[in-house]
Structure formats: structure tokens, C-alpha cells
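**Student:** Quick one, fold the following:
(chains A and B)
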Amino acid sequence: MLSKDILAKMKIQSMIDQYPFIVSFLKDNQLDIAGYEEETWYHFLSSMSEQTKEEQTIDTDNLMEASVAYINEMLRFLGLDEESTVQSLTIIAGKDKDGRSEGFDRIKINKSEIVSIVGPTGSGKSRLLADIEWTASKDTPTDRAILINDQTPDKKWRYSTGNKLVAQLSQNMNFVMDLSVQEFLELHAQSRLVENEKETIQRIIEAANKLAGESFDLDTPITSLSGGQSRALMIADTAILSTSPIVLIDEIENAGIDRKKALNLLVSSDKIVLMATHDPILALMADKRIVIKNGGINKVIETNEEERRMLTELEKVDRMMQNLRNHLRLGEQLKLNLLDRNL
Amino acid sequence: MNVVTIAGPPSSGKTAVILKTVHAMKNRGIRVGVVKFDCLYTDDDSLYDKAGVPVRKGLSGALCPDHYFVSNIEEVVQWGIKEKLDLLITESAGLCNRCSPHIKGITAVCVLDNLSGINTPKKIGPMLKFADIIVITKGDIVSQAEREVFASRVRTVNPKAITMHMNGLTGQGAYEFSTVLYNEEQNIQTVKGKQLRFSMPSAMCSYCLGETRIGEAYQLGNRRKIKLGDDDVK
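**Tutor:** Model prediction:
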């Protein structure tokens, strides 16, 4: 941990050499250090005129503390990979809305595992997710407890901004920035301090195009991507660039995206995948499913052999539908033989 | 009594955040009241009313809303005490990005939304920079990547604050926010003598006093000229 006293006496140039990421802190706080490289950080801050401070709404002490907090947070963020990979997530039962015990003792989900969540709207799916995100320890309305790697998790998961436990993908999500795919991915990569930016961006666009029905390139504006393309880019980006070890998916629509490949991509990136869905194909792709009722987990069902056999059939139907869609897209007349599921 | 100042740009979701948080606090037996500050109009008070939350509103009208806020905050605190509140929340729209309502020794919250654009954190002054807790809303409608980029931009501007995400529609995150908001040990009886965390925006020019005519001759007092290029007249 860097202390305030040490940073205050550091020359600005050596601060930049040692903590290169401080450049974005200086930039975002509109601090022009040109000509002050050989001065100390403290000297720079205290030599600002009252007028400059007033105009840029700067308080010297506050900014000093902020810079120390920023560097320490970034150092923690960078050192994360080694110390805190999430191998497993365990949910320990609490109670439902009426205070009755939930219908299980504990569920352990390992990385690269898919679990689906089923239950009517308002049954408590959001609460379950919030419990996981907050690493509940019998201190939320459900009384559930969450373990990470079989242990009571560090409270850092609650307050860390750079490293959230859960990444979310939902049906309602859209891109809102006015950027091309390339600019967008660069921005995300920079915020993550990724070293091999170019290569990472290439990997994401390739992965996204494998998922999307219609391909797109790096110059496409993100706001003009189709629903399927957007979803494909979001999934590829989350799989490859997001630090969050757990991904929550709220339905993936059927059109314009290969859902099986999408899940495989997430799983192959060592993510734990939780998926709220009532689509039989998605639900049966999961190893188990959590049934939510009245605010609590009612039971946990393992996907059995019969269901797996059904999945194979359902996938055939799904492929047939995709195929019909493609024929329509190409402007063709549809033929009855296209209904053959084994085509 | 606990006092919390909640500020944030218009339509960022402050009222939704407060309503969901009050709901999450209900079971803990904490009595919460809200005073809503706005400029020309608000009907948010009826939303609080409907939720059974004691509420008062203050409209600043032609005055700078920030100045109006600070001139009335002590009266508001006394109202809260009279109402026997455990937690008094003041909600004020940061109508200009230079708003600075936070007070030393009083928990300060800034509400921002993911839709406002990734440069927004850079544009907002003391309301964000001097907050203790930052709540980011509307995360359910933008991509994961945009959420991550937005949060990292917030962090560069205020790395000291606790940053939380909340969904104002479903209330996801509200319970968690409520646990960091209320502190049993805090007991505020008055804010008299306390200080703002940063000075408020100021002006004092002829237009503050009702001037409506345009032109150099009518500009008196504290004023500043725009810099347009090399030809600017000093």
C-alpha cells in the first residue's frame, strides 16, 4: 500500500514512470502537469492558484487523498489475477418470503459450469443475484450465505469498483455509445489496462462473428448492429475482457445468434454461468437448474438423461428453424422438405 | 438522527433510488423522511406520500437551487427532528454540474446513470468529487462493457468513494445501499456551524439582479468572457 507521505514527496515524472495509469487520473481531473515533471506531486498541488482551484473545483487535500486511493485501487486491480481466481461459488440456504427454510442445503457451482434459474417473474431471481453480487453472509432479507472457493469471501467484492463478482447480460441491454466496434473495444480494453490491446480486440471480433448469424467488422458503429450482432459482441466481450468471474444471463433471444456456441465461449473462459431462462433448449444445456418460488429456492433439479435426449431433439428443431430463417433472408421460396429435422 | 444529502443530475434516478431504499429499510424499523429540493416544479413529493414517507418540498424558483438549499438546510434538519425521524434524506437535483450541496460530517451520496454518457463523470464537479457513496443506475439497459467503462471513469474522478450499482425499477442493490447509508451511531441535532465540502457556484452580476438586456453596457459585476480564438479582445 502506497502512503500519502511517500506519494506527496515523489517527483511527478517518477510517479508517472512508476504508475503509468496515473496519466488517466491526471487527464480526467484536468490537471496540466506540463513543466512540472521535476517538481514533487505535493508541490504541484499546492502551487495551484486559488482561482484555478475554484474553477476546476479542486480541493488540495481531497485530491491528494484521491490520488493515493486511485493508485492503491489500481495496484490491487492489477495484482488480482494471481491472488483471487474464483474456482467455485456456494449458496447456503436461507429462507423464503414467509420465513420458511429453502428447499436445499447448499449448492456448489464450479467454474465452467452452467446453472439455469427458473421461476415466475417476481419470484425472487433478482434477490438471488443480488445475494451473490453482495456476497451475502446471512445479512440480507433471505438470510442466505455465499461462499467463494469454499470460504467466507473477502468484503472487497462488495465495494470494489474495478472488479465486480458478477457481470450481467440481459435481453434489454443496448449499446448507447456513439462509437465504432473498434473504438468501443479499445475503450473497454483501456479501462481494464489490457497490455496486448490489438490482439485482444481481434480475438473478440472473431469470437463475436462466430456467434452472430450475420457478420460485422470493426468499423461498424455499435449502435447500428442488429439484435443478434449486439448480443454476440456483448457475449464475446464479456467472455474475453470482463474480469467478473460469474456471468448472469437473463434469456438469450433465439434470433441471429448461436446460443450453444455463446455458452461454450463463456464456459471456456472459465466463467461460472447463471442463466435465467424458460427456453427449454437453454435450460437443458445447464447441468442443473434452480427453481425459485415465493422468494426462496424451492428445489434444485439435475438435468437427467431423458432431458438430455430431449435436448438433442430440440436442437434439431432449432436448427430447422434457423435454416428456414436463412432461406427467408436470402429471399427464397420455402419448400416443404425443409421441415425435415434431420437435414 | 442521521442526515444524508443525495444529489445527482436531473432524471438520473434519485427518487427511484430513495423509494427503493426506504422500502428496503422498512423491516429494520428505521423511520425515514425526505425533503425534496427542486427548481420550478416537482411532483415527486406525491410519490413519497404514496409510499407513506413523510415529505416536504422546496422550490428555489428564480434563485440558484444550491444557495436556496444551504439557506434552508438547518430548518429542514429541525423539521426532521420534530418528525422524530431516524434518517433524514435531502434530495436535490444537480441542475448545473457545478452544484455543491455536500456538507462535511454529513453522509454525501451522488446518483449517476449509465445512460448519461461516459464523459459525464468528468463533467460533474463537487457533487460527485466530494461524495462518500456513488450510486450508478440504469445498468440493466446498457451493455456490461459500458457499465465497466462508466464505473472506471467514476473511479478516476472519485477513487475514495464507495461505488454501488442499483436498479431503480427492480430495487436490486437497494438493500445493500441501505446498509451503508444508515449508521446507528450518528446523531445529528443541528447542522449549524458545519461547513460545505466545497464552495457553491457563485455569480453576483447584473443579470443576477434582474437585468434582461443584452450587450457590454449592461454587464456589471462578476462576469467572464468566452475564449473563441486568437482575436479575443482582452
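
**Student:** Which of the residues in the helix of greatest length in chain B are classified as buried?
**Tutor:** Identified as the longest helix of chain B according to DSSP state H is helix B:65-82. Residues of helix B:65-82 classed as buried by neighbour count (16 or more other Cβ atoms under 10 Å in any protein chain shown): B:65-66, B:68-70, B:72-73, B:76-77, B:79-80. For glycine as for every other residue, the C-beta is placed from the backbone atoms N, C-alpha and C.

**Student:** which of those come close to chain A?
**Tutor:** Counting by Cβ under 8 Å from any Cβ of the partner chain, nothing from those sits close to chain A.

**Student:** Nearest to chain A among the residues you listed?
**Tutor:** residue B:66 (12.7 Å; Cβ to the nearest Cβ).

**Student:** Low-confidence regions, the stretch 101-250 of chain A specifically.
**Tutor:** The stretch 101-250 of chain A contains residues with pLDDT under 70 at A:161-162.

**Student:** Quick check: residues of it near chain B?
**Tutor:** So far as Cβ under 8 Å from any Cβ goes, the stretch 101-250 of chain A lies against chain B at A:126-127, A:129-130, A:133-134, A:139-141, A:158-159, A:161-162, A:164, A:167-170, A:172-177, A:184-185, A:187-188, A:191-192, A:230, A:234, A:237-238, A:241-242, A:244.

**Student:** what do you get if the cut-off is 7 Å, keeping everything else the same?
**Tutor:** Residues of the stretch 101-250 of chain A lying close to chain B (Cβ under 7 Å from any Cβ of the partner chain) are A:126, A:129-130, A:134, A:140-141, A:159, A:161-162, A:167-170, A:172-177, A:187-188, A:191, A:234, A:237-238, A:241-242.

**Student:** Report the buried members of those.
**Tutor:** When these are checked against 16+ other Cβ under 10 Å, the ones flagged as buried are A:126, A:129-130, A:134, A:140-141, A:161-162, A:167-170, A:173, A:175-177, A:187-188, A:191, A:234, A:237-238, A:241-242.

**Student:** So which of those sit within helices?
**Tutor:** Reading helices off these with DSSP H, I get A:126, A:129-130, A:187-188, A:191, A:234, A:237-238, A:241.

**Student:** What parts of chain B come near chain A?
**Tutor:** So far as Cβ under 7 Å from any Cβ goes, chain B lies against chain A at B:98, B:115, B:118, B:122, B:125-126, B:129-130, B:140-146, B:148-149, B:151-153, B:155-160, B:162-163, B:170, B:172-173, B:175-176, B:198-199.

**Student:** now, which of those lie within strands?
**Tutor:** Counting by DSSP state E, these place B:162-163 in strands.

**Student:** Now that we have the residues of chain B next to chain A, which of them are buried?
**Tutor:** Buried among the residues of chain B next to chain A (16+ other Cβ under 10 Å): B:98, B:115, B:118, B:122, B:125-126, B:129-130, B:140-146, B:148-149, B:151-153, B:155-160, B:162-163, B:170, B:172-173, B:175-176, B:198.

**Student:** max-length helix in chain A?
**Tutor:** helix A:305-329.

**Student:** Can you give the contact residues for that one?
**Tutor:** With Cβ atoms under 7 Å, 6 or more residues apart in numbering or on different chains as the test, helix A:305-329 has contacts from A:280-281, A:284-285, A:334, A:338-339, A:341-343.

**Student:** just the residues you listed now: which is nearest chain B?
**Tutor:** residue A:285 (20.7 Å).

**Student:** can you count the residues close to the closest one?
**Tutor:** Using other Cβ atoms under 10 Å in any protein chain shown, residue A:285 has 23 other residues around it.

**Student:** where in chain B is pLDDT low?
**Tutor:** Checking chain B against pLDDT under 70 turns up B:230-234.

**Student:** mind listing the helices for it?
**Tutor:** B:14-25, B:44-50, B:65-82, B:120-123, B:126-129, B:144-157, B:174-181.

**Student:** what do you get for the stretch 151-300 of chain A?
**Tutor:** A:156-159, A:181-191, A:197-211, A:227-241, A:259-268, A:280-285 (DSSP state H, counting those that start in this stretch).

**Student:** Give me the residues contacting stretch B:98-112.
**Tutor:** A:57, B:3-8, B:12-14, B:17, B:66, B:69, B:92, B:120-121, B:125-128, B:130-137, B:154, B:181, B:188, B:191, B:194-201.

**Student:** Show me how far that stretch is from its chain's centre.
**Tutor:** Distance of stretch B:98-112 from its chain centroid, counting by Cα atoms, centre = their mean, to the nearest Å, is 6 Å.

**Student:** Quote the end-to-end distance of that stretch.
**Tutor:** Chord length of stretch B:98-112, first to last residue, is 15 Å (Cα to Cα, to the nearest Å).

**Student:** That stretch: which residues count as buried?
**Tutor:** B:98-103, B:106-112.

**Student:** go on, stretch B:171-187?
**Tutor:** B:171-179, B:181-182.

**Student:** Next one: residue A:149 from chain B, what distance?
**Tutor:** 22 Å (Cβ to the nearest Cβ, to the nearest Å).

**Student:** which residues touch that residue?
**Tutor:** A:86-88.

**Student:** How about the contacts made by residue A:101?
**Tutor:** By Cβ under 7 Å, 6+ apart, the neighbours of residue A:101 are A:93, A:95.

**Student:** can you rerun that using 8 Å?
**Tutor:** The contact partners of residue A:101, by Cβ atoms under 8 Å, 6 or more residues apart in numbering or on different chains, come to A:93-95, A:296.

**Student:** ditto for residue A:174
**Tutor:** So residue A:174 contacts A:230, B:141-143 (Cβ under 8 Å, 6+ apart).

**Student:** farthest pair in those residues?
**Tutor:** A:230 and B:141 (12.3 Å; Cβ to Cβ).

**Student:** between these two, what contacts are shared?
**Tutor:** A:173-174.

**Student:** In terms of distance to residue A:199, which of the contacts of residue A:149 ranks first?
**Tutor:** Looking across the contacts of residue A:149 and measuring by Cβ to Cβ, the closest to residue A:199 is residue A:86, at 24.7 Å.

**Student:** With residue A:340 as the reference, measure out to residue A:316.
**Tutor:** Counting by Cβ to Cβ, to the nearest Å, the gap from residue A:316 to residue A:340 is 10 Å.

**Student:** quick revisit: which strands and helices lie in contact with the longest helix of chain B?
**Tutor:** Counting by 3 or more Cβ pairs under 8 Å, 6 or more residues apart in numbering or on different chains; DSSP states H and E, the packing neighbours recorded for helix B:65-82 are strand B:32-38, strand B:55-59, strand B:87-93.

**Student:** got the angle between it and strand B:55-59?
**Tutor:** Going by axes from the mean of the first three to the mean of the last three Cα atoms, to 10 degrees, helix B:65-82 is angled at 160 degrees with respect to strand B:55-59.

**Student:** ok now do residue A:187, which residues does it touch?
**Tutor:** Residue A:187 neighbours (Cβ under 8 Å, 6+ apart): A:177, A:179, B:118, B:149.

**Student:** ah, wrong one, I meant residue A:128
**Tutor:** A:91, A:117, A:142, A:144, A:290, A:292, A:297.

**Student:** and if we set it to 10 Å?
**Tutor:** Listed by Cβ atoms under 10 Å, 6 or more residues apart in numbering or on different chains, the contact partners of residue A:128 are A:91, A:117, A:119, A:136, A:142, A:144, A:248, A:274, A:276, A:290, A:292, A:295-297.

**Student:** do the same with residue A:7
**Tutor:** A:15, A:18-19, A:22, A:40-42, A:64-65, A:67-68, A:71-72.

**Student:** Turn those into TSV, columns for distance to residue A:307.
**Tutor:** TSV is the format used below for those (distance: Cβ to Cβ, whole Å):
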residue	distance to residue A:307
A:15	59
A:18	56
A:19	53
A:22	54
A:40	67
A:41	62
A:42	66
A:64	60
A:65	56
A:67	56
A:68	55
A:71	52
A:72	49
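
**Student:** Residue B:86: neighbouring residues, count only.
**Tutor:** 16.

**Student:** Surely it touches residue B:33?
**Tutor:** Yes: Residue B:86 lies in contact with residue B:33 (Cβ atoms under 10 Å); the separation is 8.9 Å.
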